[in-house]
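Trainee: output the structure for:
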Amino acid sequence: MRAFLGAVALAAGIAISAFAAYQDRAETGANGPGAPEATLSDPTILTSRDYTRILQQFQKPAPQRPGGAGPAGYTGDDSCRHANDGECDDPGIGTGACTAGTDYSDCWRIVSGQEDDSCRWANDGECDEPGFGTGACTQGTDVTDCGDVTHLRFRNDSCEFAFDGVCDEPGTGTGRCPARTDRSDCGGRHRPLTINDHFFGNDDRVMMDTAQFPWSVIGTIQADRGGTCTATLVAPNVIATAAHCIHSEGQLYAGGVFTTGFALPGGPRTARVVDHLIDEEWDSQRFSQTDEIDGTDWALLRLDQPLGDELGHVGVLDIVADRSEREVQSARIWQAGYSWDTGSNLSGNEDCRILIAYPDDTISHDCDTTRGDSGSPFMVYENGEWQIIATDSNFRSNPDGPFIYISSRSSRWAHLLDDFAAGRIGAGGVRPQGPGKPGAPVAIKSGG
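Mentor: Numbers count the residues shown, from 1 in each chain. Alright, predicted model coming up:
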């Protein structure tokens, strides 16, 4: 599984090709209201959840195309620029990226209700349709693996009233939300285990109030080169995120802008990244190819403004250090991130658990996380204090069930935080760094 991810990192052209359609739609807003355009429009900056789509798309051949005549009464052609990409793009029934009737081959099964298992990858235990699956099959041709996702297609939870238990879409609900933006409340929270998002059978996320601590200190890091991840204030002038969020094609691009507190009076607060700190053992290519160094997938970024002086910051805890395995697994965990399907809203989990604490400084968990959550915090609340115990990293394949979701524990960097915040250690700035260049800065170096 990881071997292919390394190939993506070494062959940017392949990744760009894989995301070309998504880039086009990001520019036109066709991915739905609130879709994070930067993540979709720059294919060279990949979140951990993006890896799934690229991995499966290049492991498997191009989507199968339906042959023969379509259903009676439904006519059209494939004149749309997005036709034959496996995803229905007609308005109303699809993404809306095409004019009605111009994406015939991708849409006719949905229109006619004649969905089937005609894809060569059907019945392999993995949903291969676009959106919720790998994209290796044309929409409507992997019905058994994808389960009953018809009512969830082309929809998201980007409305501000999502996850409140009330359907707010027009026609079927109150009308407070735009069409197709209150998916969970109007269509249900059940998620088949074979789809790419929320593998635990039910979407248990809620919306977090970004005017209230600690949600006010969980924001987005927008890379100068494109791409967005979640990050958290862990000191007045330091945020924690994932190392893979600031790497692409084996190069490090740490420059960017941190934005947080979107619902605060006076608007969100922003600061620019001025330095970074990563693990001495971090290796982007090795991370992509193996499971061996997942615990090194963390990054501390120092800001030019001490936003935490105003907003506060969360503490840091090594939850495994002095607790029994039972205590670790029984701890109540909070997680929050800027998921791809919740627009500009911060969504997360209020009561999930650590499944396994691994000796490589990682944990597996049952929090519902998805694309965009990379770098998001996993926290505990004890004795009136919020403490970060891990940051969202990646996934591991699991032949016996859904993917295993992995987070990098804070224990790996907690002892470095004070020195980095004070400027005594760091990489000396955010200049792009390539692998293997003579004289390139080391990951951690002493300051003056």
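Trainee: shaky segments in the chain?
Mentor: Within the chain, the stretches with pLDDT under 70 are 1-73, 196-199, 401-402, 434-448.
Trainee: what are the ranges of the helices in it?
Mentor: 2-10, 12-18, 20-28, 37-41, 50-59, 104-112, 143-146, 183-187, 284-289, 307-311, 325-330, 417-421 (DSSP state H).
Trainee: restricting to C-alpha, output stretch 91-99 in CSV.
Mentor: What follows is stretch 91-99, C-alpha atoms only, in CSV (Å, rounded to 0.1, in the frame of the first residue of the first chain):
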residue,chain,number,x,y,z
PRO,A,91,-27.3,18.9,-12.6
GLY,A,92,-29.9,17.7,-10.2
ILE,A,93,-28.8,14.0,-10.2
GLY,A,94,-25.0,14.6,-10.1
THR,A,95,-22.4,17.2,-9.3
GLY,A,96,-23.8,19.8,-11.6
ALA,A,97,-20.5,20.4,-13.3
CYS,A,98,-22.1,19.6,-16.7
THR,A,99,-25.1,20.9,-18.6
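Trainee: name the nearest residue to Arg176, ignoring sequence neighbours.
Mentor: Nearest residue to Arg176, sequence neighbours excluded (CB to CB, 6 or more residues apart in numbering): Asp168, at 4.2 Å. Just so you know, the C-beta spots here come from the backbone N, C-alpha and C atoms, and that holds for glycine as well.
Trainee: with Arg272 instead?
Mentor: Of all residues beyond its chain neighbours, the one nearest Arg272 is Asp304 (4.8 Å), with distances taken as CB to CB, 6+ apart.
Trainee: wait, the one you found touches Thr270, no?
Mentor: No: with contact defined as CB atoms under 8 Å, Asp304 does not count as touching Thr270 (10.0 Å).
Trainee: more neighbours, those two?
Mentor: Thr270 (17 against 14; other CB atoms under 10 Å).
Trainee: is the more buried one in contact with Phe258, as I believe?
Mentor: Yes: using CB under 8 Å, Thr270 is in contact with Phe258, at 6.7 Å.
Trainee: in this protein, where's the longest strand?
Mentor: Longest strand of the chain, by residue count under DSSP state E: strand 385-396.
Trainee: that one - contacts with which helices or strands?
Mentor: Packing contacts for strand 385-396, counted by 3 or more CB pairs under 8 Å, 6 or more residues apart in numbering; DSSP states H and E, involve helix 50-59, strand 228-235, strand 238-241, strand 315-316, strand 333-337, strand 362-365, strand 377-382, strand 404-409.
Trainee: CA atoms only for the second one, dumped as CSV, please.
Mentor: Pointing back at strand 228-235 there. Output in CSV follows, covering the C-alpha atoms of strand 228-235 (Å, rounded to 0.1, in the frame of the first residue of the first chain):
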residue,chain,number,x,y,z
THR,A,228,-4.9,23.0,3.7
CYS,A,229,-4.6,21.0,6.9
THR,A,230,-5.8,21.5,10.5
ALA,A,231,-3.5,22.8,13.2
THR,A,232,-3.8,23.7,16.9
LEU,A,233,-2.2,26.3,19.1
VAL,A,234,0.0,24.5,21.7
ALA,A,235,1.9,27.6,22.8
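Trainee: tell me the angle that strand makes with strand 377-382.
Mentor: Angle, strand 228-235 to strand 377-382, by axes from the mean of the first three to the mean of the last three CA atoms, to 10 degrees: 40 degrees.
Trainee: neighbouring strands of strand 228-235 in the sheet, and parallel or not?
Mentor: Sheet pairing of strand 228-235 (DSSP bridges) gives strand 218-223 (antiparallel), strand 238-241 (antiparallel).
Trainee: what does the last one rub up against?
Mentor: Right, the one you point to is strand 238-241. The contact list for strand 238-241 (CB atoms under 8 Å, 6 or more residues apart in numbering) reads 219, 221, 229-234, 258, 298-303, 313, 374-375, 377, 388, 391, 410, 413, 417, 420-421.
Trainee: now do stretch 204-221: distance from first to last residue.
Mentor: Terminal residues of stretch 204-221 lie 25 Å apart, using CA to CA, to the nearest Å.
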